[in-house]
Structure formats: structure tokens, C-alpha cells
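In: Sequence first, predicted coordinates after that:
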Protein chains: 2
Amino acid sequence: MTRSGRPALAVVGATGAVGTVLLQLLSQRADVWGEIRLIASPRSAGRKLSVRGEETEVVALTEEAFDGIDVALFDVPDEVAARWAPVAVARGAVVVDNSGAFRMDPQVPLVVPEVNPHTARIRPRGIVANPNCTTLSMIVAVGALHAEFGLRELVVSSYQAVSGAGHAGVRTLREQLSLVAGTELGTGPGDVRRAVGDNTGPFAEPVALNVVPWAGSLREDGWSSEEMKIRDESRKILGLPRLPVAVTCVRVPVITAHSLTVHARFEHEVTVDGAREILATAPGVVLYDNPAAGEFPTPADVVGTDPTWVGRVRRALDDPTALELFVCGDNLRKGAALNTAQIAELVAVPDRLRPSAP
Amino acid sequence: MTRSGRPALAVVGATGAVGTVLLQLLSQRADVWGEIRLIASPRSAGRKLSVRGEETEVVALTEEAFDGIDVALFDVPDEVAARWAPVAVARGAVVVDNSGAFRMDPQVPLVVPEVNPHTARIRPRGIVANPNCTTLSMIVAVGALHAEFGLRELVVSSYQAVSGAGHAGVRTLREQLSLVAGTELGTGPGDVRRAVGDNTGPFAEPVALNVVPWAGSLREDGWSSEEMKIRDESRKILGLPRLPVAVTCVRVPVITAHSLTVHARFEHEVTVDGAREILATAPGVVLYDNPAAGEFPTPADVVGTDPTWVGRVRRALDDPTALELFVCGDNLRKGAALNTAQIAELVAVPDRLRPSAP
């Protein structure tokens, strides 16, 4: 605790795509923190970033950087988190980690404050994990429906924004768009690929005028790591370790905000009216669903907002126990920075769970 | 029949997006036709278009335009087809119609030559219907798997190209891309919408830097007409009138080639090797599936080609009877013009079924 009596927060990876949004959020949310210390790689040390209206100097990631810190938020690659999170814990901090390093560790809770806040209390390793951005972009809505109807199966397809691959993903799409705008490309086999050349950045294929059915690295039997994360993390967050989950992940030329189609089958018959009532009142969810008036969420409309937006709510025509949804959420906010900040507040001030205002 | 002894073909709607591709295909395919007559609205009459290397004058749509025609291909809006297809039949032509006007008429076969060619023989109204472009972009692959494994359920999400909405769809995306390229748009709520203004063309929302979960018109209980088409047409083509089919249709900023994720459940246990063997040998299908080598289909790579491309073949991790696929096909070729041309050849020369060479 600082002298003011408020807990001290560290942000590790403050200069990355998620770190940048996190600093904005910390400046906007009800302030529970004493010191906020910014930590990054030695390369970024000395840079000054604005947080809560104050220019704050970035310090290099060292053991001593965690002295006096109560909660440390990590937004760094898996291998950096795996090495440094235990260091921060040893120095006395609770770590909230947004990498994949600890999510499936049975000794580490995987927390979405609107869905399973109680699990954040028991953290034998001193670490709480933040889910993957794609899981987070749908799980608040799915969790609310599960609490009422009892989930039996998920079939999910993603429409993932390029900022899920960080600053490099955004830069790559912007550069590719400049190459294809004003042209007649996209009408002959491979013409976009030839125009883009080697400039595919973090993606396997050109993403401008294209969709790319791949995200992450190759796992067993043809699955991508991103698809496995959505399955495994959804099961852990919902407390349904044997839930059947089928996922296909696809990258789309959107800057920020992931979208997903969700086919969710429940224990018993469901009604659209019942589902809409749940979604309309669930914390952190906005129901935006009136196609007669042209109302359904799209990523370009929800980017920069906190909630999970849900539209296109329908009951499956051939299965009264299944619902179809289209879900959008900002992958840098609820999908990463916001959920991390919410967990940090939950850890620091456990009696004040703060779901994001819709 | 013309004096040459070959059947005479009419193309109605020769100047549209699908008509344009159809004329290219008729110039490339093995030639079974005598005269090819081009028909369009009076507004386009007198224009000259190239087909089989000859400049051919477009004639206006009138009753007399069908005199001497054996097979008439219609690529026009539903209401034009509903009015004029019976006129062409009355004048002695067999109509192959690519609109939605007759697809679900029980007296009209709905034909995909690789899947149900035999149904084209019985046509009490003199009309054969061509499926919707989104159905066609996946049904050849799904049909091949069904023939071997017996389909029990489909859950499908689409990634639909703008040319599915015709020339106006393509023009709209190109104009929007010119407005967003070189900007920092796509990071704040509604900034793309404000930049695009009223220029949304045939779409409900901006489609550049966005995905739009809507295609077609509103049907009962929140379903879109496009989603209902995929369900109803898949059932009719596969001869499975009670097949459970759940669909969500989403427009993406791709010029041409529709993509779909497919979760297909079968009667019995399936294997990935078995599925791959079927897809590798199915007429009109190309299996392109080696993620370790970065090989999976994308719309920018398959646009302008004839086959249905299939990748990301996986068995559901939690259901040994289900497969996951990612499927891409050119919505103007196999999705429209090519299938229409194939049906016309099947009707004109019934013993010479010509699946497209992969």
C-alpha cells in the first residue's frame, strides 16, 4: 500500500496495443489506485506516457521494478509473462496476466468478472489469468444465457480484427489497404497477393480484400491455437469441463472489435423472448437487435466501447433448444485491457466488483 | 434447333454482374451452342458485347426475343424472372433461372450438376432453378460428404463478398475503400460510418473496415431471406427435407468469392482421412488443406476459378460424427454463372454432364 492507503498498480507492457488502451481506461475509470507504475522492455524505458492526466516515465522490466507493487497487470508475450510473473509474485504483487502462459494452469483462476468473479479469490500461485480476446468478446453474453438455460454445446465462428495481432496487425492492414484502394484488384486469382507482395505482417495471407481462416499456431489434428483457446477457456470460465465446443477462427479486414457467430444449444427448450430478456439485463451486455429497423451490432460501430454487443438473436428453426447470435466486442477493451482492469479492481477491492456500465 | 443442328441459347440479363461472367464462360467452355442471343432490358438494347469472340448486339426483352430459342438462361431480379420465364417457356424454351422466383416451387427442380443432376430431367413447368450463390459456394463439398457419410445437421456461417449484391455492391466497397485508405479510421465508435455517410449502396451498414451480419430482406422471427435460402435450398438439393440447418449470413469487405465455415454432423463416426479422400476426388472440389505449409483457401486466391475450395478439415474434438470445414467459391462463377451454364448444357445435351474441371 502507498502512503495514501491505496494499492499500487504496475502495468507491464505499457507501450503495446493493449497497454495503450489500458492507460486510457485507467484514466477514465473510478480511481482505486495509489501509484501507477509503467513498466516495459529496456528499449522503451525512459519514454513518457500519460496516465490519469500525468506524464509518467516508463521504467525497465527488472526485479526491483515490482518493489512496493500490490497488483501487476501483464500485457506481454507468453514467454515474457512465464518468466516475469513469478518474479512479481515473489516481490509481493498479485499478477493479472493477459498472456496465454497461465490460463489453463489449474492453480490459476481464469476470470471474467461478470461470469465467475468468485474464482478470483483463490489464487495459489498469486496469479489470475485474463482470457484470450476472442473468448472474451463473446463469453459475457454466453455466460448470462448459460446461467439461465444451462449450456450444452457451442458452435462458434469468428470474424477477428487485425489489432488482435497488435500494432503490427493494424499497420499491415493499413498498408495493404493503401495498395488496393483505387484499384480493380480482388477479381482475379491471387491478384491481391501479388500486389501486397511480402507485406503480410503477422498474417499468413493478405488480409485486405480477403478473409484468412487462420489465427495463431498449428496444434494437433489441424486445429489452430486460437481455436483451442476458445474451446478450453470457455469450458474453464463456465465451469463446464466437458462442454462440446467447435470453433473456426477467421481473420477479417477490420481494425478493432472481434465478432462471432454463436450457435448455442441448451438443456431445455428456449424462447427468443426469454433470451432477449436475459441479454437486455445482463451486466456488461447490450442487446442491439431490431433488424426491421436495421439494428444489429457491427465492429465499426462498437469499437471503442466497453460492453459485449449482441444482435441477430434467433431460435434455431429445427431445434427448440438452440439459439443463434451475432456478438461484437472491442478486443482491446473488454477483450483485453478492460477485463484486466476489472480483475485488478476485483483483487484490490474485492467487495467492489465493477462491471462495465453498458 | 438452328440450322447447324445445335441448340440456340438466350442469355437474359446479359449486362449484369452474373451475365458478364456468363459470357466469359460461354467463350471458354466446350461449345455446344448454335446461336447465342443476348437479351436485356430495353435500356441496354443495342449495346454490343463479346461472346465466343464475336461482337453480339443485345436485344430488348420481348415475347418475340425467345423465338427459336431452345434454352434461356435468366440472370434477372425475382420479379422479372417471375413474369418472363413463363413467357419464354410458352415460346418453346427450357428456362434455367438464377433468381429466387422458382427455387422452392415443388414443380421446379433445383439443380447442382455434381450433386443431383438426375432431377433436371423432370421439369413440369419447363423451368430449372439455379440455387442461391451462397448455397452453391458450399453445397458441392457438403453434397460429396453427404453421399458417403449421410448428413444429419448443418451449422453454417457465411463470409459473403460484395459482388453477391451485383455491380452496385462492388462499386460501393471500392468507393468506401478510397475513403478509409490512408486514414486512422476504424478505431472510434461510428467513425467509419461518418466517413462513408450515405454511401452504403445495397448494404445496411458500411462494409469497408467492417463486417455486416445481414444479407437480403427480413423474414419471420428475425431470420434474413439469405439465411432461409441456404437452409431451404440445401434441404431440397440434398433431398433431405427435414435436415436441421442453422445459418448466420455476414457480409465482408471482399470483392468476389464467398466463404463459409461449416459444422456438419453425420449419421456415423467420421474420420478426417476419410473426409479428405472424398473431397480430394469429388468432381468440382479442390481440397487445399495443409496448414503446416500455410495452405488453406482464401477468397482472394480462389476468385476467378471454377471449383469449390475446401480447407481446414477437422473432426470436431467433442463429437466423432462431426466435421469442421472452411469452404470458398467464386460466387459469380460456380455460385451463379458456371452452375447455370452447366445446367443449360445438361438440359441441352443430357448425356454429356460436364462437371467443371478442378
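Out: Happy to help now that I have it.

In: ok now do the closest residue to A:Val313 other than its chain neighbours, which residues does it touch?
Out: Closest residue to A:Val313 apart from its sequence neighbours, by C-beta to C-beta, 6 or more residues apart in numbering or on different chains: A:Asp289 at 5.2 Å. Yep, even glycine has a C-beta here, placed from its N, CA and C like the rest. A:Asp289 makes contact with A:Arg276, A:Glu295, A:Phe296, A:Val310, A:Gly311, A:Arg312, A:Val313, B:Gly222 under the criterion C-beta atoms under 8 Å, 6 or more residues apart in numbering or on different chains.

In: Show me what from the stretch 251-358 of chain A comes close to chain B.
Out: Residues of the stretch 251-358 of chain A lying close to chain B by C-beta under 8 Å from any C-beta of the partner chain are A:252-256, A:259, A:261, A:263, A:272, A:289, A:291-292, A:294, A:296-305, A:311-319, A:322, A:324, A:326.

In: Now intersect these with the strands, please.
Out: Judged by DSSP state E, these include A:Ser259, A:Thr261, A:His263, A:Gly311, A:Arg312, A:Val313, A:Arg314, A:Arg315, A:Ala322, A:Glu324, A:Phe326 as members of strands.

In: Look at the residue nearest to A:Asp319 when sequence neighbours are not counted and report its pLDDT.
Out: The spatially closest residue to A:Asp319, leaving aside those adjacent along the chain, is B:Pro244, at 5.7 Å (C-beta to C-beta, 6+ apart). For B:Pro244, the pLDDT comes out at 98.

In: wait, A:Leu179 sits on A:Ala208?
Out: Yes. With contact defined as C-beta atoms under 8 Å, A:Leu179 counts as touching A:Ala208 (7.3 Å).

In: any residues in contact with both of these two?
Out: A:Val196.

In: Among these two, which residue is more densely surrounded?
Out: A:Ala208 (27 against 18; other C-beta atoms under 10 Å in any protein chain shown).

In: separation between that one and B:Pro253?
Out: 8 Å (C-beta to C-beta, to the nearest Å).

In: Mind listing the shared neighbours of those two?
Out: A:Pro253.

In: Might one say that A:Ala344 is in contact with A:Ile69?
Out: No. Contact criterion C-beta under 8 Å: A:Ala344 and A:Ile69 do not qualify, at 11.3 Å.

In: sorry, back to before: how about the ones in strands among the residues of the stretch 251-358 of chain A next to chain B in a markdown table, adding pLDDT and neighbour count?
Out: Formatted as a markdown table, those follow (pLDDT from 0 to 100; neighbours: other C-beta atoms under 10 Å in any protein chain shown):
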| residue | pLDDT | neighbour count |
| --- | --- | --- |
| A:Ser259 | 98 | 30 |
| A:Thr261 | 98 | 27 |
| A:His263 | 98 | 23 |
| A:Gly311 | 98 | 23 |
| A:Arg312 | 98 | 24 |
| A:Val313 | 98 | 23 |
| A:Arg314 | 98 | 23 |
| A:Arg315 | 98 | 22 |
| A:Ala322 | 98 | 22 |
| A:Glu324 | 98 | 24 |
| A:Phe326 | 98 | 29 |
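
In: Most widely separated two among these?
Out: Pairwise distances across these peak at 20.5 Å for A:Ser259 and A:Arg315 (criterion: C-beta to C-beta).

In: Would you mind checking the average pLDDT for stretch A:169-188?
Out: 96.

In: just stretch A:63-76 next, same as before
Out: Mean predicted lDDT for stretch A:63-76 stands at 96.

In: end-to-end on that stretch?
Out: Distance across stretch A:63-76, first residue to last, is 16 Å (C-alpha to C-alpha, to the nearest Å).

In: which residues are contacting that stretch?
Out: In contact with stretch A:63-76 (C-beta under 8 Å, 6+ apart) are residues A:1-2, A:7-14, A:16, A:18-19, A:22, A:35, A:37, A:39, A:59, A:80-81, A:84-85, A:87-88, A:91-99, A:336-337, A:340-341, A:344, A:347-348.

In: Need the buried ones from those selected in PyMOL.
Out: A single PyMOL command selects the buried members of the contacts of stretch A:63-76 (16 or more other C-beta atoms under 10 Å in any protein chain shown):
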select buried, chain A and resi 7+8+9+10+11+12+13+14+16+18+19+22+35+37+39+59+80+81+84+85+87+88+91+93+94+95+96+97+98+99+336+337+340+341+344+347+348
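
In: So which of the contacts of stretch A:63-76 sit within helices?
Out: A:18-19, A:22, A:80-81, A:84-85, A:87-88, A:340-341, A:344, A:347-348 (DSSP state H).

In: now, among these, which is nearest to chain B?
Out: Chain B has its nearest neighbour among the ones in helices among the contacts of stretch A:63-76 in A:Val18, at 13.9 Å by C-beta to the nearest C-beta.

In: check contacts around that closest one.
Out: If you count contacts by C-beta under 8 Å, 6+ apart, then A:Val18 has A:Asp75, A:Asn98, A:Leu332, A:Ala336, A:Ala337, A:Thr340 around it.

In: can we see that at 7 Å?
Out: Applying C-beta atoms under 7 Å, 6 or more residues apart in numbering or on different chains, we find A:Val18 in contact with A:Asp75, A:Asn98, A:Leu332, A:Ala336, A:Ala337.

In: Likewise for A:Thr305?
Out: Taking C-beta under 7 Å, 6+ apart, we find A:Thr305 in contact with A:Asp330, B:Pro189.

In: Would you agree A:Val247 is in contact with A:Gln160?
Out: No. Using C-beta atoms under 7 Å, A:Val247 is not in contact with A:Gln160, being 11.3 Å away.

In: Show me where chain A dips below the pLDDT cut-off.
Out: Scanning chain A with the threshold set as pLDDT under 70 gives A:1-4, A:351-358.

In: and the longest helix for it?
Out: Longest helix in chain A, counting by DSSP H: helix A:133-149.

In: what's around the nearest residue to A:Arg123 once chain neighbours are set aside, how many residues?
Out: Leaving aside its chain neighbours, A:Arg123 sits nearest to A:Pro109 (5.8 Å; criterion: C-beta to C-beta, 6+ apart). Other residues near A:Pro109 come to 24 when the count uses other C-beta under 10 Å.
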